[in-house]
Every structure is written in structure tokens, then in C-alpha cells.
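1. Kindly return the folded structure for what I paste below:
(4 chains)
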Protein chains: 2
Amino acid sequence: MSEDTATVGAEISLTFQKGLRVLEAYLDGSVSLSSSEIATRTGLNRSVARRLIRTLVQAGYLTEDRGRYAMTVRVLRLTQGFTGGRGLAQVIQPILRLASHDIGDAVSFSMQDETEAVYVAHAFMPSRFTLNRVTVGSRVPLLPTAVGRAILAFLPEDEADRIQTAVPPPLYTEQTETRLPVIRTLLAETRAAGYAYVQSEYVEGVSSLAVPVFRPDGAVVGAVSVIFSQGEHNDQDRSRIVTRLRQCSADVGASF
Amino acid sequence: MSEDTATVGAEISLTFQKGLRVLEAYLDGSVSLSSSEIATRTGLNRSVARRLIRTLVQAGYLTEDRGRYAMTVRVLRLTQGFTGGRGLAQVIQPILRLASHDIGDAVSFSMQDETEAVYVAHAFMPSRFTLNRVTVGSRVPLLPTAVGRAILAFLPEDEADRIQTAVPPPLYTEQTETRLPVIRTLLAETRAAGYAYVQSEYVEGVSSLAVPVFRPDGAVVGAVSVIFSQGEHNDQDRSRIVTRLRQCSADVGASF
DNA sequence: CAGAATTTGCTCGATTATCGAACTGATGTT
DNA sequence: AACATCAGTTCGATAATCGAGCAAATTCTG
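-> A predicted model of the protein is given here:
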């Protein structure tokens, strides 16, 4: 292996890397996993996985129940630096709540993580019955969703390209757009319009509007969005929602 | 060192353990830390801390900005197994929201983590101006809070004792009860009453009511609680709130 | 219910990643 | 400008990690 391509390992901790892989094994919503399941999912040697699991159990992050391991509430410690520090709930939640009240629908704020968008804050509408299964930490793909496209459209071109070509876009519904040139056009339109509107490309019958959120320095950090049933709103409703989301986006962006 | 006391290390991964310590360094709400700060907080050798940090950066969990390291949204991956899996938001949030609506105040669900209670779900009251700085992942001590006492009162006695004597209880306000025998009495009262009521022992002027939540097998898993300004409610109000919280507790407990 | 098949727990020598003291350059302070 | 503190890197010694292999437990199956 030539050294210019493989850059001799950059001095990182291989063991820690493996340990993180164990925690990531729960990324699909698995509640409990056996040691072999973890070994398989992570691609680690069974003994290695086992030792890492024991470490997590000993530290209180996992509990064992008859050979199956489930995460404990302690894992929330690991994210405190992200959520707690920036007051993501304390400052963003109220902003979302106000927008949600004005719009009459649940409003979310999401950020990009690789090829996915992660819901970081969410203001439910207490009165309405919640149809969407969105919650903090939920992940949706970038390409077939409004949040994703709102973010993608304003990322630096090379990164946007990298993400689009990273994985062949799966077909979620019959409406999912998978042709990259078309997506490129849609992103250009999104960029021009300043918001994204996507219908039934991820979940059948569900539409979504999203407006990008920018940091004071101009970089896109995420998007605020509203999800609703297809056909629930007409053109005028949507335009009203976009206007309110723009204001919400400005408020959220200012707090970064 | 004799082997019965120190149990020869139980075959865990020391490196992974250290890596987790790095993530825990952000437990107080620090947004960004320097490599030396992390080394100091974790008690790790600076070079070791550095390698672990590099690992986290390379994996995308931390970003570097001029020598300071901040968590990225990716850390939410680490907790997905806990929040996503059990549908903590999908199933518990609606229950809390209903209770919140009936009670007219924000309602939270918290679970025990060592000597603290961790807020796991929270139903805000959209109409009211939120006074409490509570958010998912927030941590409060067990001893001087209603949630904490509701949980402590129903834990197995040896564990409750261990927690009470683990650390000398700090004085948060002038009202904070630090005398262990008195706390023991208060816990007995809580156990008898089936709920905890604490006034100004953690934050001046803030009172709280909490009802323990039990799993179907009878073990206490956490508590549902309401926070309000001292003097905001009279005896009758509180009794009404407790009644509603009991129902809420049963609903939440059933979903475990 | 026996026997096979799979899963799980654990051991131990070889290997290799980790450790950390020491040095150097960068940054900030009086 | 001189000093003090902080940050980045190197490298040999050491100790932790690895993983094949075996035994026990559990689950499947005919």
C-alpha cells in the first residue's frame, strides 16, 4: 500500500473507534442486541465486541438482560455537550413553538449529518393528533426530503455533489426522484426560491416545506420545516407558511 | 491488592473507557473544550487525550475550531438506541401532553442515573411562558428535588442508602435539607403518600410535585413531575395535580 | 426427547496498539 | 523582548488488545 494514498493511520485510537461502532450498532431503532449481533453489525471479532460491551456495561451505558444488551438512560450523558451546551432546547424550542403556533402545524429544526438530516428540535402541536413520527434524533435521508434539499441547495457545491453521489438514492415511494440531473435542477430551483417543497417522495401522502437556516457567517447549518398531509394546504397556505418559516429561520440562525 | 476486592480487572477495554471519559468531559454544558482542558478534566495524559480527540474528530463526532473542540450533531447517533428504540418520544410524549393539557402545566418524565435524575421526555405548555430551564437530557440531583425523592423512596433500600451516602448533599438554597436522618424521614413520608412535594430546596422559589413510575414488574423506573412557582397552587390544586399525575404515571409505566 | 446446530463465555500466547516523557514550535503575557 | 503557558509530534518500552480455539449453555429440529 503506497503511503500517499493511505496516510499511515494519522495516529488515532483504533480501540475507541471500535467502541463507538458498538454504540452505532443501535442506530436502527434496536432496543436490545446480543453480543453476536453486535459483533456481526460492527464487523468486529466476537471477543473484541464482547470486551467493548463489557466496558459499556461496567460504565453503566448498557444493561444486560439474559444475554441481550440495551442502552440505559446514561447514554444521554454522551450528548449533553451538544444539546445542553448550546441550549438547543432552551433557545430554539421557544422560537419553534411561536412559529408552530402561528402556522398551526408542528415545526422542526434539523441539521445535516453526512447523507442524512437529524431532527434536533421539534415543536409539537398539542391540539392536533401527531401523524408524523418525528422526534429529536430521528434521521431522514437528504435527497427525497424538503429539509434535505433545503440544506443541500445551499451547501458548498463540492460537498453537495459528494453527498448526491455518495449512495445511489433508494426508491422510497413511486414519486421518489432518483435521477441526479433532475435533482440537480430541483436544487437549483430550491436555491432560487429560498425554500424546498417536496411531495410524497419519502413517505406516501406526506408533503413537506423547508427553509434553510444560516449562521451569521452565511453558512447553512440546517433547516426549519413543516410536515403535512398532501393536499392539506393550497398555494396560498404554503406561501403563508414559507413566509413564517423564513422569519423562524432568521431567529434560529441568529442564535448560532 | 487482594483479588477478592479488586477482581482482576474483569477484562474490559481500558482505551474505550478513556474515550468515553472524553465525551463525558462535556457533561457540564461546555460547548467547546481545548485538548488540554479535556486532558485535565478526564485525568488522562495529554497525548492520550489528544489521540482520543483525533479519533472523535475523524469519526465526525467533534469538530475543531482553532484548537477548540465542539460536539457535532452526529453525537445524537450514540443515543438513538435509547430514545429511538423505545419510542420514548412517540409513546411517552403524547401521554405527557395529555396530562399537561389537563393539569395546565408542563409535565416531565425523568429517570435515575446514579445520583441524578435525567429528563427523558418533556411536554411543554405552549401558552405559558416557560420559566423552567428543563430539557431532554437535563440533569438534577436526586436528594433536593421532587423527582429525585419520588424515585429514591421506591428504590431498593440498599441502593437508596448508597445514593444518599455517596456524596455529601450540597446546599443549593437556604431550604435545602442536608441532614440524612431528616431526608430518610421525608422519603418514608413520600413512600406512604405515593408522591413527593418539595419546595425551594433546589431552586429558590420553585416547587415541584412528582409521582413515581413503576414498570409492570413493580420496579421504579422514574417519575413524572410538574414544576411551578412557589405559592402558585393551594392544597386543593396540588391534590388535583397529584391525582392526574398518578394516572399519567400508570400510563407511562404500562409502556415499559 | 435426544442429538445436532448454534450461540455464548472464557482462556492465553503472540502481536501490536497504546502510553507518556521529552522535545519543538506556537501563542499569549508582563 | 523575555518568559510562561499551551499545542503538536516523536519513538522506544510496555502493557493492552487481539482472536483462534475450546467448553458450556442454549436453541432448533426431526
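2. residues in chain A within reach of DNA strand D, list them.
-> A:11, A:14-15, A:18, A:44-48, A:51 (CB under 7 Å from any atom of the strand). Every C-beta, even on glycine, is put in place using the N, C-alpha and C of the backbone.
3. Farthest pair within the residues you listed?
-> Greatest spacing in the residues of chain A next to DNA strand D, by CB to CB: A:E11 and A:R46 (27.5 Å).
4. returning to what we had before: TSV for the residues of chain A next to DNA strand D, including pLDDT?
-> As requested, the residues of chain A next to DNA strand D are exported to TSV (pLDDT from 0 to 100):
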residue	pLDDT
A:E11	87
A:L14	94
A:T15	96
A:K18	96
A:L44	94
A:N45	94
A:R46	94
A:S47	94
A:V48	95
A:R51	95
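5. Give me the local confidence score for A:A6.
-> Per-residue pLDDT puts A:A6 at 37.
6. where in chain A is pLDDT low?
-> Along chain A, the model assigns pLDDT under 70 to residues A:1-10, A:126-134.
7. Map the structural domains onto the sequence of it.
-> A:3-78, A:84-254 (automatic domain parsing).
8. Including distance to B:D158 and mean neighbour count, could the ones you listed go into CSV?
-> Shown next, in CSV, are the domains of chain A (distance: least, CB to CB, whole Å; neighbours: other CB atoms under 10 Å in any protein chain shown):
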stretch, distance to B:D158, mean neighbour count
domain A:3-78, 17, 18
domain A:84-254, 31, 19
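9. just so I know, which of those lies nearest B:V147?
-> B:V147 sits nearest to domain A:3-78 of all those, at 12.7 Å, using CB to CB.
10. So is that closest one next to DNA strand C?
-> Yes: using CB under 7 Å from any atom of the strand, domain A:3-78 reaches DNA strand C at A:12-16, A:34-37, A:46-47, A:50, A:67.
11. out of these, what pair is the most spread apart?
-> A:I12 and A:G67 (31.8 Å).
12. which one's the longest helix in chain A?
-> helix A:235-254 (DSSP state H).
13. picking that back up, possible to save the residues of domain A:3-78 next to DNA strand C as a markdown table with secondary structure?
-> Below are those laid out as a markdown table (DSSP: H, G, I helix; E, B strand; the rest coil):
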| residue | secondary structure |
| --- | --- |
| A:I12 | coil |
| A:S13 | coil |
| A:L14 | helix |
| A:T15 | helix |
| A:F16 | helix |
| A:S34 | strand |
| A:S35 | helix |
| A:S36 | helix |
| A:E37 | helix |
| A:R46 | helix |
| A:S47 | helix |
| A:R50 | helix |
| A:G67 | coil |
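14. Excluding chain neighbours, what is closest to whichever residue of the stretch 51-200 of chain A sits closest to DNA strand C?
-> Minimum separation of the stretch 51-200 of chain A from DNA strand C (CB to the nearest atom of the strand) falls at A:G67, amounting to 4.8 Å. Sequence neighbours aside, A:S34 is the residue nearest to A:G67 in space, at 5.7 Å (criterion: CB to CB, 6 or more residues apart in numbering or on different chains).
15. Who are the contact partners of the one you found?
-> Residues near A:S34 by CB atoms under 8 Å, 6 or more residues apart in numbering or on different chains: A:67-69.
16. and A:G222, that's in a strand?
-> Yes: when three-state DSSP is applied, A:G222 is found to be in a strand.
17. what separates it from B:G84, distance-wise?
-> Computed with CB to CB, to the nearest Å, the distance linking A:G222 and B:G84 is 19 Å.
18. For A:A121, give the beta-bridge partners.
-> A:F109 (DSSP bridges).
19. Correct me if wrong: it contacts A:I92.
-> Yes: under the criterion of CB atoms under 8 Å, A:A121 is in contact with A:I92, at a separation of 4.5 Å.
20. anything in contact with each of those two?
-> Contacts common to A:A121 and A:I92, judged by CB under 8 Å, 6+ apart, are A:F109.
21. where do the strands sit along chain A?
-> For chain A, strands defined by DSSP state E occupy the ranges A:32-34, A:62-65, A:68-71, A:107-113, A:116-123, A:139-141, A:196-199, A:206-214, A:220-229.
22. can you tell which of those strands is closest to B:L98?
-> Among those, if distance is taken as CB to CB, the winner is strand A:116-123, at 17.2 Å.
23. hmm, who's touching the closest one?
-> Strand A:116-123 has contacts (CB under 8 Å, 6+ apart) with A:88-89, A:92-93, A:96-97, A:99-100, A:106-112, A:134-142, A:145, A:147-148, A:151, A:222-223, B:73-74, B:76, B:126.
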